[in-house]
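Undergrad: turn this into a model:
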Amino acid sequence: MSTRIGVVTFPGSLDDRDAQRAVRLAGGTPVPLWHGDHDLQGVDAVVLPGGFSYGDYLRCGAIAAQAPIMHEIVDAANAGLPVLGICNGFQILVEAHLLPGGLIRNEAGAFVCRDQRLRVENATTAWTNGFAAGDEITVPLKNGEGGFIADADTLARLEGEGLVAFRYLDVNPNGSLHDIAGLTNERGNVVGLMPHPEHATEPGFGPDTRDAMRSGVDGLTFFRSVIERTLAAA
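TA: Numbering: from 1, shown residues only. As a prediction, the model looks like this:
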């Protein structure tokens, strides 16, 4: 039985089709979900993709966090449904209070697009269990408002409870505090990150590696991880 992973499309989503393709390449069945619906269609997991939902008005992800589908996703996430937020999806998770902190304009004030090295800090979540803690991976990054911020008490809790999922290596592209690139919730079912794993899932279209140009597929592990986790729980 194939794992069914919903991918939400908001007005302004850019990477929903890429996320659907990543699910398919990992062996799952992508299920398109619409921002205006209240029906999750019985999916086993959900991806909130990158883009500029609702034109990034107010704050990135602020309007999308109030979309009808998000009421269902918040309830399902609180009940244990795996949810992955990528870039704008991470911003939506923060605005929906499924993850703490905030995301602001990049420190340099400019949009950044690059292949980004990351260190896996937490390999126990629904989306990262295919990695080992300390693994170094490379996935594309593209954002203008990816600087993670939080107050001192929140940062101390994130670090102390192992809730930092990914950390930037070599360069901090957006000024995120503690080099934080991604977070998980306490339960480990909700993960958000600014880089784009869905763009590193197919040879010929991913980041460069030592073996060949455009051959990086580190992002595929995110989607395989959640498929294996859901199948094991079935």
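
Undergrad: going forward, measure contacts and count neighbours with C-alpha atoms only.
TA: Fine.

Undergrad: so Arg114 belongs to a strand, correct?
TA: Yes. Assessed with DSSP: H, G, I helix; E, B strand; the rest coil, Arg114 lies in a strand.

Undergrad: count the neighbours of it for me.
TA: As a burial measure, Arg114 scores 13 neighbours (other CA atoms under 10 Å).

Undergrad: likewise for Gly109?
TA: Per other CA under 10 Å, the neighbour tally for Gly109 reads 11.

Undergrad: where does it land on pLDDT?
TA: pLDDT, Gly109: 92.

Undergrad: for it, give me its contacts.
TA: Gly144 (CA atoms under 8 Å, 6 or more residues apart in numbering).

Undergrad: ok, now how distant is it from Thr29?
TA: Distance, Gly109 to Thr29, by CA to CA, to the nearest Å: 38 Å.

Undergrad: I'd guess Val191 is in a helix, am I close?
TA: No. Counting by three-state DSSP, Val191 is not found in a helix; it is strand.

Undergrad: do I have it right that it meets Cys87?
TA: No. Contact between Val191 and Cys87 fails when scored by CA atoms under 8 Å: they sit 11.1 Å apart.

Undergrad: the two: which is more packed in?
TA: Taking neighbours as other CA under 10 Å, Val191 and Cys87 compare with Cys87 leading, 32 against 29.

Undergrad: excluding chain neighbours, give the residue nearest to the more buried one in space.
TA: Nearest non-adjacent residue to Cys87, counting by CA to CA, 6 or more residues apart in numbering: Met194, 4.0 Å away.

Undergrad: do the same with Pro173
TA: In space, and not counting its chain neighbours, Pro173 is closest to Val112: 7.0 Å by CA to CA, 6+ apart.

Undergrad: show me the beta-bridge partners of that neighbour.
TA: Here Val112 shows beta-bridge partners Asn143, assigned using DSSP bridges.

Undergrad: what about it, neighbour count?
TA: Residues contacting Val112 under the criterion other CA under 10 Å number 16.

Undergrad: can I get the host helix or strand of Asp75 in CSV, CA atoms only?
TA: Assigned by DSSP states H and E, Asp75 belongs to helix 68-78. Extracted C-alpha coordinates of helix 68-78, given in CSV (Å, rounded to 0.1, in the frame of the first residue of the first chain):
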residue,chain,number,x,y,z
PRO,A,68,-9.2,26.9,5.7
ILE,A,69,-7.0,23.9,5.0
MET,A,70,-4.6,25.0,7.8
HIS,A,71,-7.3,24.6,10.5
GLU,A,72,-7.4,20.9,9.5
ILE,A,73,-3.6,20.6,9.3
VAL,A,74,-3.1,22.2,12.7
ASP,A,75,-5.5,19.8,14.4
ALA,A,76,-4.0,16.8,12.5
ALA,A,77,-0.5,17.8,13.4
ASN,A,78,-1.4,18.2,17.0
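
Undergrad: that's all I had, so thanks and see you.
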